[in-house]
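Visitor: I would like the atomic coordinates for the input below:
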Amino acid sequence: MEKSANQKWKESGSTLTFKEWIERENQKKGSSNNFLSFDAIDVKSDFSDTIKNEINIFEDDYPIQKEPTKGKFLGLDSTTLIVSTVLILGSVTYYLIKRKKKW
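Guide: This is a model prediction of the structure:
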C-alpha cells in the first residue's frame, strides 16, 4: 500500500509546511510521485456531481409514484377515520348513559 502525501511529509522531517512541501515535491524533476495541491482539487463540485449521479440512478431503478391524496385526512383514509370516530363517540355515549342511570 502506497503511503499518503501526509505520511511522506511527516517521515521527511521537513521544516516546511505541508503545502510548501507538496509544492516543492511537485517541482522536483524526475519525481515519479506527483501530488495535487489543495487548490487544484474541487471537492465540492466532485461531491455534488456524485450525489446527482446517485440520485439519477436511484430514480431510474425506483420511480416515484405519487398516489392521489383524495379521501385522506391526517394521512388516514376517510372511511377508517369516520368508522373509528363513530365507535369512540358511541362508546363514550354508552358510558355516560350507564353512569347517569346509576344515579
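Visitor: for the worst-scoring helix or strand of the chain on mean pLDDT, give me every contacting residue.
Guide: Taking mean pLDDT, DSSP states H and E as the measure, the chain has strand 72-73 as its least confident helix or strand, at a mean of 75. Applying Cβ atoms under 8 Å, 6 or more residues apart in numbering, the contact partners of strand 72-73 are 78, 81. From N, CA and C alone the C-beta is placed, and that goes for glycine too.
Visitor: in contact with residue 95, which residues?
Guide: With Cβ under 8 Å, 6+ apart, residue 95 has no contacts at all.
Visitor: tell me which stretches of this structure form strands.
Guide: Using DSSP state E, the strands assigned to the chain run over residues 72-73, 76-77.
Visitor: longest helix anywhere in the chain?
Guide: Counting residues, the longest helix found in the chain (DSSP state H) is helix 78-102.
Visitor: any idea how far it is from the middle of the chain?
Guide: 45 Å (Cα atoms, centre = their mean, to the nearest Å).
Visitor: also stretch 92-103?
Guide: With Cα atoms, centre = their mean, you get 54 Å for stretch 92-103.
Visitor: same deal with stretch 76-96?
Guide: Remark: stretch 76-96 is offset 40 Å from the chain centroid, using Cα atoms, centre = their mean.
Visitor: what does stretch 51-64 give?
Guide: Stretch 51-64 sits 14 Å away from the centroid of its parent chain (Cα atoms, centre = their mean).
Visitor: I'd like the mean pLDDT over stretch 15-30, please.
Guide: Mean pLDDT, stretch 15-30: 78.
Visitor: distance of the residue most central in space within the chain relative to residue 70?
Guide: Residue closest to the average C-alpha location in the chain (Cα atoms, centre = their mean): residue 51, at 9.8 Å. Residue 51 sits 34 Å away from residue 70, taking Cβ to Cβ, to the nearest Å as the criterion.
Visitor: before we move on, what about residue 54?
Guide: Residue 54 sits 33 Å away from residue 70, going by Cβ to Cβ.
Visitor: same question for residue 24.
Guide: 69 Å.
Visitor: pick out whichever of the two has more residues nearby.
Guide: residue 24 (12 against 6; other Cβ atoms under 10 Å).
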